[in-house]
Each structure stands twice: as C-alpha cells, then as structure tokens.
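**Student:** 3D model of this:
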Amino acid sequence: MQLSQSARSVSALLTRWRFFAGLSSLPLPLSNSSPAAVPASAETVWTVPLHEHPWYDHVRLKRVFVADGTRHQVVMVDVRKLLECADRDNTDYVLKPVAEWHAGKVRGIREFLDPDNPRIPQMPYVTISARRAPGLLGWFGLEREGVVAFRNGQHRARYLADAGARWFPVEVHEREAALLREMCGAADDARTAIRPTTVDGGADAVAGDSPPR
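**Tutor:** Numbers count the residues shown, from 1 in each chain. You can find the predicted model right below:
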C-alpha cells in the first residue's frame, strides 16, 4: 500500500528526529582544555644586582604588559635620575625615603622582592612628561627637566635604590619611551649588568601579582 504524501512527510520527519537525537547522545568536544594540559609559557625576567643589601644580592623583575599589541616598552633607567624626576611630581603620592618607612612596610617589600619567592614581581610602571627647567635657560626654552609619575611600583623602586641598585628596568607607554631614555636612561654598562633571560613561566604566569605599590 502506497503512503500518502502527508504520511511520507511525517515519516521523513521522524527519521530525521531519530538521527539528530542519536547525535545529541554522543560526547561533545570540550571547548576549553584543562589548564593542566596547557603547556606553561615562558616569560622574560630581568635580574637586578643589589650592592648594599644583606638579605639577598639581587631581585628578579618581569613585565607588566606581556600580551602582544600592548604598546608598552621596557626601558633600562638610571635609578638616581629616575627618582630625581619622580621627586618633581607635584601630586600627593611621592614617598618618603625608605629610612622613614615603618618597619612593617620595609619587611613587606623585602619579602615581596625576595628572589626565592616562586612569584616574580612586576617591574615599576611609570609615565613621564617634560617641563621647562628652572633658571634662565629654562625660561628661554633651552632646558627641560623630566617629571616621572609612578602608575605602580614606587615602593619597590625606592626600596631597590636604597638596597644599592644602580639600574633597573621599568615599563612605559611607547609614546613616552624616547623621552624616558633621554631623561633617565641608564648607561651602556647596564646592558651588560642586567640581561633579560627566559624562564619557565608556569607557576608565575598562573599566580597574579597583588603587590604593594
């Protein structure tokens, strides 16, 4: 007996339903693989020597912005020049010398920067601008001075200076990198003393920084 057209249509729909119902029972691929299955990425670390620090003789620093397209650069700075520019900041967030910090703050920064910690601290992140320098040459526009503001990392920068660091890397937006090198750039010796190296970033990449500023 031949089926009517409507009956054939119903039969076709039932066949399709059984097919798709069978597919839905199959295991679906995971959209995100397990974190343990993802290979740990490597990251770049700068080792900064300390010359006046009895607890340890170096610190490790990593970048703040690591993703592609962040438009930030790492600049090696002279510590003395950087802090001179930072002291010109006219905001209310210019720290006192380390000798005037309370003991708990000093201990906290020292423990945070300890190179034996599995988590690597981020380098300071700064902005810089230029203004007319005081004096006759400044008035005639022939001399400028830099003004640095810390977006993050002022405590660690001043602690490193107090611990005898001569140079260290900081991160800055690419549009200010040339000015930072002009005003606070480290000597050529810094490129020999502080070399970036690549390390296994497994443990450090997972744990986010929540450091003291």
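
**Student:** Mind jotting down where the helices sit in the chain?
**Tutor:** Taking DSSP state H, the helices of the chain run over residues 5-24, 79-86, 103-113, 136-139, 154-162, 177-184, 189-193, 202-206.

**Student:** so A42 makes contact with D200?
**Tutor:** Yes - taking C-beta atoms under 8 Å as the definition, A42 is a contact partner of D200 at 6.1 Å. The way it works is simple: take the backbone N, C-alpha and C, and place the C-beta from them, glycine included.

**Student:** Which secondary structure element of the protein has the lowest mean pLDDT?
**Tutor:** helix 202-206 (a mean of 39; mean pLDDT, DSSP states H and E).

**Student:** what's across from the nearest residue to A130 once chain neighbours are set aside in the sheet?
**Tutor:** Nearest residue to A130, sequence neighbours excluded (C-beta to C-beta, 6 or more residues apart in numbering): R144, at 4.4 Å. Using DSSP bridges, the bridge partners assigned to R144 are R132.

**Student:** can you check V148 too?
**Tutor:** Counting by DSSP bridges, the residues bridging with V148 are I128.

**Student:** count of neighbours near it?
**Tutor:** Applying other C-beta atoms under 10 Å, we find 27 residues neighbouring V148.

**Student:** ok, so what distance separates it from H155?
**Tutor:** Counting by C-beta to C-beta, to the nearest Å, the gap from V148 to H155 is 15 Å.

**Student:** Same question for V74.
**Tutor:** Going from V74 to H155 by C-beta to C-beta gives 20 Å.

**Student:** More neighbours: which of these two?
**Tutor:** Legend: neighbour count by other C-beta under 10 Å for V74 and H155, higher for H155 (22 against 19).

**Student:** so where's the protein shaky on pLDDT?
**Tutor:** 1-41, 68, 92, 135-142, 201-213 (pLDDT under 70).

**Student:** residue contacts, the nearest residue to A193 once chain neighbours are set aside?
**Tutor:** If the residues on either side of it in the chain are set aside, A193 comes closest to P49, at 6.3 Å by C-beta to C-beta, 6+ apart. Contacts of P49 were listed using C-beta atoms under 8 Å, 6 or more residues apart in numbering, and they are D57, H58, A165, A193, I194.

**Student:** Would you format those residues as TSV with neighbour count included?
**Tutor:** Shown next, in TSV, are the contacts of P49 (neighbours: other C-beta atoms under 10 Å):
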residue	neighbour count
D57	13
H58	15
A165	21
A193	15
I194	20
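
**Student:** which one of the residues you listed is nearest T91?
**Tutor:** Here the nearest of the contacts of P49 to T91, counting by C-beta to C-beta, is A165; it sits at 24.0 Å.

**Student:** Surely the closest one and L50 touch.
**Tutor:** Yes - counting by C-beta under 8 Å, A165 does reach L50; the two are 5.6 Å apart.

**Student:** Skipping adjacent residues, who's closest to R181 in space?
**Tutor:** V75 (5.8 Å).

**Student:** again, but for V48
**Tutor:** F168 (4.6 Å).

**Student:** residues touching that neighbour, list them.
**Tutor:** Here F168 is in contact with W46, V48, L61, M76, V77, V79, M123, P124, A157, L160, I194 (C-beta under 8 Å, 6+ apart).
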